[in-house]
Every structure is written in C-alpha cells, then in structure tokens.
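*Asks:* sequence and predicted model, in that order:
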Amino acid sequence: MANSRGSSKKPDPPKPEDDTDIWQRAMRDTEPLAPRRRRATELDVEDFDAPVQAQPTSNPAVRRQAVPAKRNSALPPAVPGRLDKHVVRRLKRGAQNIEARLDLHGMTQKEAHADLRHFIRDTAARGCRCVLVITGKGSRSDSEADFRDSPRGVLRRMVPQWLSAPDLSMHVAGFEPALPQHGGAGALYVQLRRVQPGGKD
C-alpha cells in the first residue's frame, strides 16, 4: 500500500504581487467621481493668466496726492536795480527831465514812509518815468555817527529799503544817488516802471 503521506504535495508558495496587482486591489472598492464633481475640482488655467486690474481707490486723500500741484502764477515783483544806462547818460547831459520831486526834510520816519508811498504810486499812475526823492545829508560838522543816528541819516538808510519793498518795487525799476546838481548823496533818482495799457507794467 502506498504511503499516503509520502505522496502528498505541499502547496506552492504564493507568487509575489507586482505593483499592478497592488494598485488594482487598492482601487477595487473606489468609485469614479461623477463628471459634474470632477469638473468642479478642475482648475481653470485662464484664472491665472488673466491680469489683475487695479481697483480705483475711494480714499480722497490718495486721489489728491496723484493730482499735480498747480504752480503759483503770482510772482513777486522784481527787486529794483540801478537806473537804465540811457537815463543816466541823459541825466549827465541835462537832457533827462525830472518830472516830480519829493522833499522828506523835517519828517519823522513814519511821515516820510507814508509820503513816499503816496508819491511813488501817484507819479507811477501819471506815467512819470524819472523822479527825485530828497532825503537830506549831514553838514560838514556832523560826524558819521551823529549823521547816521539823525533823522536825515535814518531816512537816507530807510528810503532805499522802502523803495525795494514789494508794495513799491512793483512801480520802481531802479534808483541811485543823484548827481551833485540835484542833491548828490542826499537825494535819489528813482526810475519808475512803464505802465502798459490795461494797468500792467
């Protein structure tokens, strides 16, 4: 009798699974996404390509910064210089007419300033071109310190400053000390700006 135990065979060992078998077994119980859900999860590439549009700002302060500032068209009047060289030559030849004179002798500083302002504005409005302002000068016996502190010395220093101030420089083209026959250092020739039609210099 044949030995039954000797004729029995051992079962073959299972074959190792490859990657395909593992993948198929793992996906066996999964269900594919419905077409509608799959489309919802897809990314739209056009969303990334579209340029970002700048949103208009609602902040008025930011809008004001973007607007360029307007230039101030009102320029200050030019500071008077010296007399025109043609006027100087005519004065030296005696050919230039002195159209008006203002004598500030004996006035206080306040009185002299007020009279000078009125005089310059009035003569400019009348179209005068060359006027004379007399401030006075010290006598030979006066020292420089005495004259500087005297009313005449104060006016001699202050009149050029007043003529250069904005309220009068708009009318004054230039000024300089007079020739000896017109008072020398104690007087000033003042050349007024030419008034154009319409009231503009």
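*Replies:* Looks like it came in fine. Numbering: from 1, shown residues only.
*Asks:* tell me which residues of the longest helix seen in the chain come out buried.
*Replies:* As assigned by DSSP state H, the longest helix anywhere in the chain is helix 109-125. Neighbour counts over helix 109-125 (16 or more other Cβ atoms under 10 Å) mark 112-113, 116-117, 119-120, 123-124 as buried. For the C-beta atoms, the positions are set from N, CA and C on the backbone; glycine is no exception.
*Asks:* buried stuff in the strand or helix carrying residue 88?
*Replies:* Here residue 88 is covered by helix 85-93, with elements defined by DSSP states H and E. If you call a residue buried by 16+ other Cβ under 10 Å, then helix 85-93 has these buried ones: 87-88, 91.
*Asks:* rewinding a little: now for the longest helix of the chain, which elements pack on it?
*Replies:* Here helix 109-125 touches strand 100-103, strand 130-134, helix 151-164, helix 166-169, strand 187-192, going by 3 or more Cβ pairs under 8 Å, 6 or more residues apart in numbering; DSSP states H and E.
*Asks:* could you check the angle helix 151-164 makes with that helix?
*Replies:* Angle, helix 109-125 to helix 151-164, by axes from the mean of the first three to the mean of the last three Cα atoms, to 10 degrees: 40 degrees.
*Asks:* helix 109-125 vs strand 130-134, what angle?
*Replies:* Going by the same axes, to 10 degrees, helix 109-125 makes 170 degrees with strand 130-134.
*Asks:* which outside residues touch helix 109-125?
*Replies:* With Cβ atoms under 8 Å, 6 or more residues apart in numbering as the test, helix 109-125 has contacts from 99-100, 102, 104, 107, 131, 133, 151, 154-155, 158-159, 162-163, 167-168, 171-172, 190, 192-193, 195.
*Asks:* alright, I will stop here.
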